[in-house]
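S.K.: Any chance you could fold what I've pasted below:
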Amino acid sequence: MTVPHVDDVHPAWLPPEAFRAIGARRVLVLADGSPLSGTVRAEVADACARHGGAVAAPGEPYDLVLALASGGSLPPEAAALKGPELGPEGFLLARTGGVTAVLADAPAGLLYGFFAVVRLGEAAFEGERPAETHRPALERRMLDHWDNIDVHPVMGQVERGYSGGSIFWRDGVLHEDLTRVRAYARLLAATGVNAVAVNNVNVHAPEARLLTDRLDEVAALAAEFRPYGIRVHLSVNFASPIALGGLETADPADERVRAWWARTTERVYAAIPDFGGYVVKADSEGQPGPFAYGRDHADGANMLADALAPHGGVVHWRAFVYNHRQDWRDRSTDRARAAYDHFAPLDGRFRDNAIVQVKYGPIDFQTREPVSPVIAAMPDTRLAVELQVTQEYTGQQRHVCYLAPMWSEVLGFRFWGEGEPAVAEVIKSGGLVAVSNVGDDRYWTGHPLAQANLYAFGRLAWDPGLDPVAILDEWIGLTFVPGDDEGGERLRATLHGMMDGSWRTYERYTAPLGVGFMVRPGHHYGPDVDGYEYTPWGTYHFADRDGVGVDRTRATGTGYTGQYPKPWSEVYESLAECPDELLLFFHHVPYGHVLHSGVTVIQHIYDTHFAGAEEAAEIRALWAKLEGDGLVDPALHARVRELLDEQVRSAEEWRDQINSYFYRKSGVPDARGRTIY
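M.R.: You can find the predicted model right below:
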């Protein structure tokens, strides 16, 4: 095992300098002969070779010890930590008597403990540190890649990908050199991610064959992820028995179909013994599913779960199911209701190794949505919440939009009120999943600052209680390695000033008050207020001369508010109590309706869109002040500067189109007399 280093690719949050604190010291590793233990040894040796430290042998002096609890004769610093069971991924960290110690029950825990020391840097070797127990809050912390083998004529190499081509495939074949894949695995392991689905949930013909005659490609990718404790999953086509197996049916009740999946899955595990399982998008947006045979989603998911169960695998069955051919004139049909209506009645019918994967909101990764009621409606089903790291509706990695504050709100949301379980507790056994934002761009995520979202996802999946601002500071410290001098402090302050509130800045200059989806159809970048208003996709705002918003109340609307338990079913139903930021998601109101903030809806639209565009310009101005002072690599600075120019242009376009649209609809002028076209 050698530590992967890729030339001409940005090191993200693992630059060589981030390992100086460890690499300049004497490090003792007491572990077994497993591959993950080998990874820890290789990481330590690489850091010490770079920074002048030493890998200590037993009996030699040391400053840091990384030890397995089962490692036989433990040094006193590690032996003193023995106590609670840590599980397969947990670890203990302490410092006493001038020695920093990490103790784990299993090699994965030792690897995560090593990266915890990397994050701490010099702080890990200062003073005394009482023993701290670290365990992941969520069992599965997973990224879904929407990578295609061939370039799709509409969606490209990576569907909703904004960072170039796939890091797995090019020109229809697997990359010959997979060093970058291993470097990616290393980045993910440093954040706590432990699972990756490598291909698009919209499974086209070439990707479908990854399950059978192209399985060797999946095995090759698994070999790169394995040294960093990451299990590979595969998106599969529900109709594979027809497309690949020569059957005339994919009916989950047909014994021939069930036998085909069992045989195929057995071959998968013969090639990849630690294979994670399947991801399925079925009966959604044209993908095949069990509805064709009069079956439901539990029938479909359980068939695959049964095939995976003997091997310890799981099926992630996405709950993103809705009518995408609805009549825009019919206000009784509500896309927001769909996932609950399909899945809530099936609670308790899914196998233990079937995970229903629910988008965090009921529509589609919007900048602001209420938390999906499905998460509260299925207590007897393993659930995973799905986030979108790739910024489909949040600026497509051309805009600075740090998403951890949004995700933190979702994970901390309490459906049943204060003192009751938060979302993060509800999904403990199912986990957290996100659509990846990585491509073959030099900076991994296209926009260098979008790396923070990928980093933050892993950290929140490990510990949903972490402060998003603290996570951002952690990322800054690792990625830019700012010193303790005045320049370092200025760099930190600048990046926090640009990024801490960037999600809300983006929200201000785009769709207002939770209404969402005012984007250009198809590619979803830039404003188009009526772009989806008269389409079959079910994403409407119903703006007219009198008001705007979707009536989702039980009293007069679609009844969607009734899908929530109390108190939220009552809060969202009430015009007086509904939070301002979600008002137009739940209610159709006049432009003169007064918000809790004290301003009218129409004035709020004007004010926020002017403010959002001004804030985008301020973000650009902050970055410009760093140019030429040596705190940021010039090439990285130039890339960000170029993207910030586009963000400012786009924010002004959003401002002018949204304000002009609602001025023309309402006839109400801006109280401050600003230019509206």
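
S.K.: so residue 179 sits right up against residue 7, yeah?
M.R.: No: contact criterion CB atoms under 8 Å: residue 179 and residue 7 do not qualify, at 9.4 Å. Yep, even glycine has a C-beta here, placed from its N, CA and C like the rest.

S.K.: which of the two has more neighbours?
M.R.: More crowded of residue 179 and residue 7, by other CB atoms under 10 Å: residue 179, with 15 against 5.

S.K.: which residue is nearest the centroid of the protein?
M.R.: Among the residues of the chain, the one closest to the centroid is residue 434, at 3.1 Å (CA atoms, centre = their mean).

S.K.: separation between that residue and residue 404?
M.R.: According to CB to CB, to the nearest Å, residue 434 and residue 404 sit 11 Å apart.

S.K.: anything in contact with each of those two?
M.R.: Counting by CB atoms under 8 Å, 6 or more residues apart in numbering, the shared contacts of residue 434 and residue 404 are residue 457.

S.K.: Residue 463: neighbouring residues, count only.
M.R.: Neighbours of residue 463 under the rule other CB under 10 Å: 16.

S.K.: residues in contact with it?
M.R.: Counted by CB under 8 Å, 6+ apart, residue 463 has contacts 136-137.

S.K.: And the strands in the stretch 551-677 of the chain?
M.R.: 589-590 (DSSP state E, counting those that start in this stretch).

S.K.: Helices of that one, residue ranges please.
M.R.: 568-573, 583-586, 601-624, 634-666 (DSSP state H, counting those that start in this stretch).

S.K.: Can I get the ones you listed in a markdown table including mean pLDDT, mean neighbour count and distance to residue 236?
M.R.: What follows is those, written out as a markdown table (pLDDT from 0 to 100; neighbours: other CB atoms under 10 Å; distance: least, CB to CB, whole Å):
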| stretch | mean pLDDT | mean neighbour count | distance to residue 236 |
| --- | --- | --- | --- |
| helix 568-573 | 98 | 19 | 35 |
| helix 583-586 | 98 | 26 | 34 |
| helix 601-624 | 98 | 20 | 41 |
| helix 634-666 | 98 | 18 | 36 |
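
S.K.: which intervals of the stretch 401-550 of the chain have sub-threshold pLDDT?
M.R.: By pLDDT under 70, the stretch 401-550 of the chain has no low-scoring segment.

S.K.: Please enumerate the helices of it.
M.R.: 404-412, 423-426, 451-462, 468-480, 486-499, 502-509.

S.K.: hmm, back to that, compare the helices of the stretch 551-677 of the chain and give me the one nearest residue 490.
M.R.: helix 601-624 (10.4 Å; CB to CB).

S.K.: tally of neighbours for residue 518?
M.R.: 24.

S.K.: what's near enough to touch the closest residue in space to it that isn't next to it in sequence?
M.R.: Nearest residue to residue 518 in three dimensions, chain neighbours excluded: residue 511, at 4.4 Å (CB to CB, 6 or more residues apart in numbering). Residues near residue 511 by CB under 8 Å, 6+ apart: 366-368, 517-519, 541, 658.

S.K.: Closest one to residue 335 out of those, please.
M.R.: Out of these, the member with the shortest distance to residue 335 (by CB to CB) is residue 517, at 9.8 Å.

S.K.: now that closest one, nearest residue through space, not along the chain?
M.R.: Nearest to residue 517 is residue 539, by CB to CB, 6+ apart, at 3.9 Å.

S.K.: Looks like the one you found contacts residue 335 (just checking).
M.R.: Yes: at 6.6 Å, residue 539 counts as touching residue 335 under the criterion of CB under 8 Å.

S.K.: residues shared between the contacts of these two?
M.R.: The contact lists of residue 539 and residue 335 share residue 363, where a contact means CB under 8 Å, 6+ apart.

S.K.: The nearest residue to residue 235 once chain neighbours are set aside: what secondary structure?
M.R.: In space, and not counting its chain neighbours, residue 235 is closest to residue 279: 4.4 Å by CB to CB, 6+ apart. Classification of residue 279 using DSSP: H, G, I helix; E, B strand; the rest coil returns strand.

S.K.: ok, now how distant is residue 279 from residue 160?
M.R.: With CB to CB as the criterion, residue 279 and residue 160 are 15 Å apart.

S.K.: neighbour count winner among these two?
M.R.: residue 279 (26 against 20).

S.K.: bridging residues for the more buried one?
M.R.: residue 235, residue 316 (DSSP bridges).

S.K.: show me what contacts it?
M.R.: Residue 279 neighbours (CB under 8 Å, 6+ apart): 144, 197, 201, 233-236, 315-316, 318, 357.

S.K.: In the stretch 151-300 of the chain, what residue spans correspond to helices?
M.R.: Going by DSSP H, counting those that start in this stretch, the stretch 151-300 of the chain shows helices at 179-191, 205-208, 215-225, 240-243, 255-271, 297-308.

S.K.: just checking, what packs against the fourth one?
M.R.: Looking back up the chat, that one is helix 240-243. Judged by 3 or more CB pairs under 8 Å, 6 or more residues apart in numbering; DSSP states H and E, the packing partners of helix 240-243 are helix 205-208, helix 255-271.

S.K.: what's next to that helix, contact-wise?
M.R.: Helix 240-243 is contacted by residues 205, 208, 211, 237, 247-250, 256-257, 260-261, 264 when judged by CB under 8 Å, 6+ apart.

S.K.: try the first one
M.R.: Residues outside helix 179-191 that contact it (CB under 8 Å, 6+ apart) are 3-6, 9, 12-14, 111-112, 115, 118-119, 143, 167-168, 175, 196, 221, 224-225, 227-230, 438, 440, 444, 454-455, 457-459, 461-462.

S.K.: Next, the angle helix 215-225 makes with that helix.
M.R.: With axes from the mean of the first three to the mean of the last three CA atoms, to 10 degrees applied, the angle from helix 179-191 to helix 215-225 works out at 50 degrees.

S.K.: Give me the buried positions along helix 179-191.
M.R.: Neighbour-count burial for helix 179-191, counted by 16 or more other CB atoms under 10 Å, picks out 180-191.

S.K.: want to throw the residues you listed into JSON lines with pLDDT?
M.R.: Below are the buried residues of helix 179-191 laid out as JSON lines (pLDDT from 0 to 100):
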{"residue": "180", "pLDDT": "98"}
{"residue": "181", "pLDDT": "98"}
{"residue": "182", "pLDDT": "98"}
{"residue": "183", "pLDDT": "98"}
{"residue": "184", "pLDDT": "98"}
{"residue": "185", "pLDDT": "98"}
{"residue": "186", "pLDDT": "98"}
{"residue": "187", "pLDDT": "98"}
{"residue": "188", "pLDDT": "98"}
{"residue": "189", "pLDDT": "98"}
{"residue": "190", "pLDDT": "98"}
{"residue": "191", "pLDDT": "98"}
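
S.K.: Out of those, which comes closest to residue 547?
M.R.: residue 191 (44.2 Å).

S.K.: need the contact list for the residue nearest to that closest one when sequence neighbours are not counted.
M.R.: Nearest residue to residue 191 in three dimensions, chain neighbours excluded: residue 458, at 2.5 Å (CB to CB, 6+ apart). By CB under 8 Å, 6+ apart, residue 458 lies in contact with 141, 188, 190-193.

S.K.: cool, and residue 102?
M.R.: Contacts of residue 102 (CB under 8 Å, 6+ apart): 64-67, 78, 91-93, 110, 113-114, 116-117.
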